[in-house]
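Student: no sequence for this one, just the structure:
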């Protein structure tokens, strides 16, 4: 087993569209080759159904080059996932290790929205402080209205003080080969269900209208 091998190892976590898995595997092995002075090899396991991959990097614990090679290789693997239209984690989370990649994966508006939601649920900042969210950047817009609407929704207010969305984005698109669905923030459940029905697709995550 991995532990019984006696070697050092690090289990990564990135996700790419399913049809990009071969390219991601090639990128991972190219990374392993570039860092062969500090690493032994990178084995890949994961969940092919949703493109979530776990590159597991092995190294000799007494190799003085291992630590720097491991950090560089992990960064390269995350960058490769982003280039292939993927994301920085599938199930292990961002933690502190991947905070620098948050601004590469998400826009300032998206990060501001995440920060606002965190503030609503954790106003005292007691839950995992310093985890996931990067330092506030000058590019993040004020989202006070959004935060107020989230707070109202959480409190069960029938009519929030402000809308949760803006821009009236009702677009719906899907990549059926990757089993992925992208919808605008203002798309209704009825519209989404109609789109899926028209394409002969069922999705248990969409509540019946």
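Tutor: Sure thing, it's come through. Everything numeric here is computed off the predicted structure, so don't read it as measured data.
Student: ranges for the strands of this structure?
Tutor: Assigned strands in the chain, in chain order: 8-11, 14-15, 41-47, 52-59, 172-175, 180-183 (criterion: DSSP state E).
Student: how far off centre is the shortest one?
Tutor: Put simply, strand 14-15 sits 7 Å off its chain's centre (C-alpha atoms, centre = their mean, to the nearest Å).
Student: tell me the phi and psi of residue 178?
Tutor: Dihedral angles phi and psi of residue 178 (degrees, to the nearest 10) take the values phi -100, psi 0.
Student: low pLDDT regions in the protein?
Tutor: Residues of the chain that meet the criterion pLDDT under 70 lie in 1, 157-162, 208-209.
Student: which one of the strands of the chain lies closest to residue 130?
Tutor: strand 8-11 (21.3 Å; C-beta to C-beta). All C-beta spots, glycine's among them, are computed from the backbone N, C-alpha and C.
Student: contacting residues around that closest one?
Tutor: For strand 8-11, contacts defined as C-beta atoms under 8 Å, 6 or more residues apart in numbering pick out 2, 54-61, 66, 70, 74, 92.
Student: that one pairs with which strands?
Tutor: strand 52-59 (antiparallel) (DSSP bridges).
Student: next one: the partner strand to chain centre, how far?
Tutor: That offset, for strand 52-59, works out to 17 Å (C-alpha atoms, centre = their mean).
Student: and what of stretch 90-109?
Tutor: Using C-alpha atoms, centre = their mean, the offset of stretch 90-109 from its chain centre is 7 Å.
Student: just stretch 120-137 next, same as before
Tutor: Worked out by C-alpha atoms, centre = their mean, stretch 120-137 lies 17 Å from the chain centre.
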